[in-house]
Every structure is written in structure tokens, then in C-alpha cells.
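K.L.:
Sequence first, then the predicted structure:
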There are 2 protein chains.
Amino acid sequence: MSLDGPTMDERVPRDFETLRATILDRRESLPKRIAQIAAYALDNPDDIAFGTAASIAASAGVQPSTLIRFAQQLGFDGFTSLQQVFRERLRERNSSYDERLQALRAKAEGGAGHRAIFDGFVAAASTSLNDISRTLDDAHLEDAIALLAKAQTIYVLAKRRSYPVATYIAYALGKLKIRNQLIESAAGLNAEMISFATPADAVIAISFSPYAPATIEEARTISEQGVPIVAITDSAFSPLAQFAKVWFEVAEADFAGFRSLSATMALAMALTVGVGEKRRDAGRKRKA
Amino acid sequence: MSLDGPTMDERVPRDFETLRATILDRRESLPKRIAQIAAYALDNPDDIAFGTAASIAASAGVQPSTLIRFAQQLGFDGFTSLQQVFRERLRERNSSYDERLQALRAKAEGGAGHRAIFDGFVAAASTSLNDISRTLDDAHLEDAIALLAKAQTIYVLAKRRSYPVATYIAYALGKLKIRNQLIESAAGLNAEMISFATPADAVIAISFSPYAPATIEEARTISEQGVPIVAITDSAFSPLAQFAKVWFEVAEADFAGFRSLSATMALAMALTVGVGEKRRDAGRKRKA
DNA sequence: TATGGATTGGAATTATTATTTCATATTGCC
DNA sequence: GGCAATATGAAATAATAATTCCAATCCATA
């Protein structure tokens, strides 16, 4: 180890990636316990970010002092400054996308041409896709697909902003030869359409705040008929969630007052194609 | 505030979303300084996660004791337990990212569940967004917006797979109070609708291979009436391109036989909102 | 405008946590 | 195998941070 005095100008890794590289680089030459905490740090960066020296040391199976020595070997003056790097990493991961969107919003407001608007919508869509990738619950997806695959007819229920998703679902179900019924408002025959649904059918209902009253009303009616509902909505407090057998929370980023639909679309397509696959599999089994 | 003894079983928000909802819910009834720190907490959740009581209090412009009172009012026994919720939020956001990667790896190895389908659609959407970001021509965007902004009525023309985009455009134009007409196939009155269009109007037409014959036919008719067309399509050889004053080439990635719509949607929204802005600006100028 | 209760600020206190120290163990080298 | 250098464990200490307490202030109400 360097024994230079306080004048030495050793480079201290300031960002996580550099730090990671440094650790990996020196891995071979580290003493046993230090190597142990080094491995732990790279495997559990979140724990380093939030834990106390004592708790981290315990999880990693070393003494707190070892943790501090580890930090010092890397050029930090203590555990606390090492921890800063791990915290900064978490902070940046989360903020980068949001900040980008905010910057774009500001640019668009400042009248920076229409390209800025376009970029904003692209960014909003990307953000939404990222979010849903992280938050979607696999089990819910399986449940929803199982439920829909059993249905004789799939009713698709959505108005206004969510309506495009409904039309796409209806289109895709049609292409997959799955019987479905889009509940449109145009002809004013919704009540009759809904009355045909039975517990052997199923519903995909989509609604976001501010929830279209008609969608909520129709969802209530149809659920009272015993028809199971799969809902796509934006919060646990959504009125749709309470009628649904399975519901998905989708948080879409917005830009210029319009929310993205990209996450909802991806989920909708996954449901649709998932149902198609499940039916095909079931069909094969029955024949065999 | 409740003065019940320690036996009371008040529900303490354990996850960030519940906490957020609780704060929003009580917002009105909170004392001034507490409300101040509440607002700060929701606006700067990362600071709460990482800061110390003193540093946070300073940033929010209150005393540390106020911060603790805030936590206690929410049912926590101190700042520390409140902070846990904010930390958990960051941790989850972050860890699920890793989990996603692991899930993808698992999928590659063994029997792909329905999650794989979902990931596929997300990937297709992301790819499409990336592509269009790179390839979109700013000048075309400006031209198209200028053309549409002058129109008395904007006709929106799309069938089948592109139809969801058309409905979203119509919805957004409506919200922006821009006169528009969606050309639907349902009522079979398309020919009449189209015949009303004049050169003072404009059309947004959307069609991808295999081009819906009806869309092409209607686009031809309407362009022969001298109505300018903005087209969104997938190739220079598209029949739509030849009728259009301005056209965009959008390459959407596909998955499981269904193409993404995310890029088309982003472009459609940019056009719509761009027109809205241009109109507003023009309106201001005219008044001045 | 006087009065009681709630709210707030700021310092004192307590708790927690990082760091240091030193005795002990381990390792590499002659 | 013995010696020096290095590494490690455990407890003491120092630093930092959370919490509490009390006086001052604000606010509603009579």
C-alpha cells in the first residue's frame, strides 16, 4: 500500500463505473477479507448505498473496520465517502429519464421548433416502456391470460384516450380468430351488447384518470352479471380496479398534456398474443 | 390528532404510493410548516431517501423537529422509519431492473412464459422509437404541420392496423378544439364524407403494407379533389406516398406477427400537438 | 382583546454510527 | 521454524444525527 504523505494525489473513483472497474482491476491483489467485502459491494450495491457500516459488515461477514479499510484502500477517506458513490448511482439511475423529459418539456415550451415536441413524445413513450418493464407482475400477466383464454367471447371496453388501445386489441383478436366484441359508444347500443355477456365470457377494460364515467358504469354492470374483468388502469384507487379479477397498474408518462399509450399498447398486445398462444396449446392438447 | 394510547392500530403507509396518497389526501388539513415539508417530500423524494434530518430540513426551510413531527403525524415513530419508505422505493426501482435482466436470461434458457411475449413487444416498441428518432426529417415535420395548420377541417384516414392511430389523432385534435373528421368504415358513408373535403382542408392518411385497398382508394379520390395529404407509411413505394404532399417513412419493428405502433403514435402526436401550437401562435399574431 | 390550544423554533439530550486503536492472528520470506 | 510485515477482530472513542423538550409565537374563539 502507498505510504505517501497527505500530498499524494491518488485518483479517487468518483462514479460507480470507475469504482467498479478499479475494484475488478485490483481484485487479485486484495487480502482475503477485503476481497470479500469487495465482492459483496459489487453484488449488493443497494445495500452499500443504504446500510450502515455495521449492518453491511454483518451481511458481508466481516468487521466494520474491514469495511473502512476497504474504502481507504480505494482512496476514500472513510466508509462515508465510499457510500456517496453508491448513493449517487441510485440517484442518477432514477432521475436521468425524468430529467430528460423535463428538459424536453422546457425546450418545447420555449418554442424550440416542432422537433422538440416530437422528441418529447418519443421520450415519454420510452420512459413509459421502461417503467412498465420494471413494474409489470408476471403472475398477473399469467392470471389475466388464463382468464381470457377461457372466455367464449372477449369484450373490449374503453373510451376516449384508451379507445385506440381497444381498437387495436379488437383488430389483433380478430386476426387471431378469437371471438371478441368491441363496446363502442357510436351506435348507442352498449347496454344491449353488455347484457349478452355471461360468466363464460370475459372483459378487457381500460381506463385512466379521469375515468370515463361510461366505462366505469359499464364495467360495474358487466361485473354484476358475473363476467370476469381484466382491467388496465393507472392506480390502485381506480374504480376499475375494484371490479376486476385481475388488474394492471400502468403509469404512462405524459408530454404536452397527452399521455403516452406505448406501455398500455405493449401490455395489450402481450395479453392478446398470450391468449392466442394459450388457446393454440390447449387445442393441441385436446387433439392429442 | 388522535390521542389514543399505544394500543391503537393506525395504518402506517408502508409503500411509497400509499404514503403519497395519504399525504395528498391530508394535504388540506396540515399545518403550514408540516404542509411545507410534505410538499418538499413529494417533490424531492430522493433527497428524503439520502439526506439527514438536518440537511433535509434545511433544504425544505423548516426545523428538523418539524420533519419529525411530520413523520409522526403520518403514523411513523420517527423520521428514520419514514425515510425507510423512501429508500425502499429507490431500491425497488433499481432492483427490478436487475431482476428484469435475470428474467430475460431465464427466458432464453428454458420454456418461455408469457413474460417473454411481453418483453418482445416492449423491445419492438423501443426499437421502433429509436429508429424513428434517428430517421425523422425535421423539415418534413415542419412542412406537414404547416400544411395541416392551414386546413379548415383535418380528415383522418386509416383502417385496420393503423386505425388505432387514427382514433388517437381524432381524440387529440378534438381535445385541442381542432375541427376534424375521422373517416370510419362502419356506417358505409365514406364516399359522401370524402366528397365534402375541399382544397382548403387537409388529410392525414396512415397505411402500412399490406395497404388496405379502401385507404388507398379513398386517398386517391380525395387527392384528386385537390385536398392536400400528409401520409404516414412504410416505404417510398407505398401507394400512399404518391398521393401525398408530405409523407413520412416509419419503420416499425414487429413481434409475433404484430407490428408496434409506438413510433407512428409518437409522430402522430407530434403532428397533432404541433398543429395545435401553430394555430395558437397564428391566433396570437392575428390579434396583435 | 383576552385566553386557551395548537404550532413552531431552537437548544439540550439521547441514540446511533463511523472511526480509531490495539491486541491477536495470519502470511510470506529467509 | 522463526521473524517481520501485513491483515484481522473487537472494543473504545469520537463524530454525527435523531429525538425530545420547553419557551415563544401564532391563531381561532369567546
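P.N.:
Ah, there it is.
K.L.:
Flag every residue of chain A that's near DNA strand C.
P.N.:
A:32, A:52-54, A:64-65, A:68, A:71, A:77-81, A:83 (CB under 7 Å from any atom of the strand). Using the backbone N, CA and C atoms, a C-beta is placed for each residue, glycine as well.
K.L.:
Tabulate those residues (JSON lines), appending neighbour count and secondary structure.
P.N.:
Below are these laid out as JSON lines (neighbours: other CB atoms under 10 Å in any protein chain shown; DSSP: H, G, I helix; E, B strand; the rest coil):
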{"residue": "A:32", "neighbour count": "8", "secondary structure": "helix"}
{"residue": "A:52", "neighbour count": "11", "secondary structure": "coil"}
{"residue": "A:53", "neighbour count": "20", "secondary structure": "helix"}
{"residue": "A:54", "neighbour count": "11", "secondary structure": "helix"}
{"residue": "A:64", "neighbour count": "15", "secondary structure": "helix"}
{"residue": "A:65", "neighbour count": "12", "secondary structure": "helix"}
{"residue": "A:68", "neighbour count": "19", "secondary structure": "helix"}
{"residue": "A:71", "neighbour count": "21", "secondary structure": "helix"}
{"residue": "A:77", "neighbour count": "11", "secondary structure": "coil"}
{"residue": "A:78", "neighbour count": "12", "secondary structure": "coil"}
{"residue": "A:79", "neighbour count": "21", "secondary structure": "helix"}
{"residue": "A:80", "neighbour count": "11", "secondary structure": "helix"}
{"residue": "A:81", "neighbour count": "15", "secondary structure": "helix"}
{"residue": "A:83", "neighbour count": "21", "secondary structure": "helix"}
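K.L.:
so which of those also contact DNA strand D?
P.N.:
A:32, A:64, A:65.
K.L.:
Identify each of the strands in chain A and give its residue range.
P.N.:
A:154-158, A:180-183, A:202-206, A:229-233, A:246-249, A:254-255, A:258-259 (DSSP state E).
K.L.:
So which of those strands is nearest chain B?
P.N.:
Nearest to chain B, of all those, is strand A:258-259, at 5.8 Å by CB to the nearest CB.
K.L.:
mind listing what that closest one pairs with, with the direction of each?
P.N.:
strand A:254-255 (antiparallel) (DSSP bridges).
K.L.:
so how far is residue B:68 from the closest residue to DNA strand C within the stretch 51-200 of chain A?
P.N.:
Per CB to the nearest atom of the strand, residue A:78 is where the stretch 51-200 of chain A lies closest to DNA strand C, at 2.1 Å. According to CB to CB, to the nearest Å, residue A:78 and residue B:68 sit 27 Å apart.
K.L.:
Same check on residue A:210?
P.N.:
Counting by CB to CB - residue A:210 and residue B:68 are separated by 37 Å.
K.L.:
Smallest distance to DNA strand D belongs to which residue of the stretch 51-200 of chain A?
P.N.:
residue A:65 (3.4 Å).
K.L.:
List the contacts of the residue of the stretch 51-200 of chain A closest to DNA strand C.
P.N.:
When contacts are counted by CB atoms under 8 Å, 6 or more residues apart in numbering or on different chains, residue A:78 touches A:68, A:71, A:72.
K.L.:
If we use 10 Å, what do you get?
P.N.:
By CB atoms under 10 Å, 6 or more residues apart in numbering or on different chains, residue A:78 lies in contact with A:53, A:67, A:68, A:71, A:72.
K.L.:
Quick one: residues contacting the first one.
P.N.:
Think residue A:53. Neighbouring residues of residue A:53 by CB under 10 Å, 6+ apart: A:63, A:64, A:65, A:66, A:67, A:68, A:71, A:78, A:79, A:80, A:82, A:83.
K.L.:
Need the pLDDT of the second one.
P.N.:
The one in question is residue A:64. We have a pLDDT of 92 for residue A:64.
K.L.:
is it true that it touches residue A:52?
P.N.:
Yes. Counting by CB atoms under 10 Å, residue A:64 touches residue A:52, with 8.7 Å between them.
K.L.:
which residues do those two both contact?
P.N.:
A:58, A:79.
K.L.:
one step back: can you list the strands of chain A in JSON lines and add mean pLDDT and distance to residue A:88?
P.N.:
Listed next are the strands of chain A as JSON lines, based on pLDDT from 0 to 100; distance: least, CB to CB, whole Å:
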{"stretch": "strand A:154-158", "mean pLDDT": "95", "distance to residue A:88": "42"}
{"stretch": "strand A:180-183", "mean pLDDT": "92", "distance to residue A:88": "49"}
{"stretch": "strand A:202-206", "mean pLDDT": "96", "distance to residue A:88": "39"}
{"stretch": "strand A:229-233", "mean pLDDT": "96", "distance to residue A:88": "35"}
{"stretch": "strand A:246-249", "mean pLDDT": "93", "distance to residue A:88": "29"}
{"stretch": "strand A:254-255", "mean pLDDT": "89", "distance to residue A:88": "28"}
{"stretch": "strand A:258-259", "mean pLDDT": "90", "distance to residue A:88": "31"}
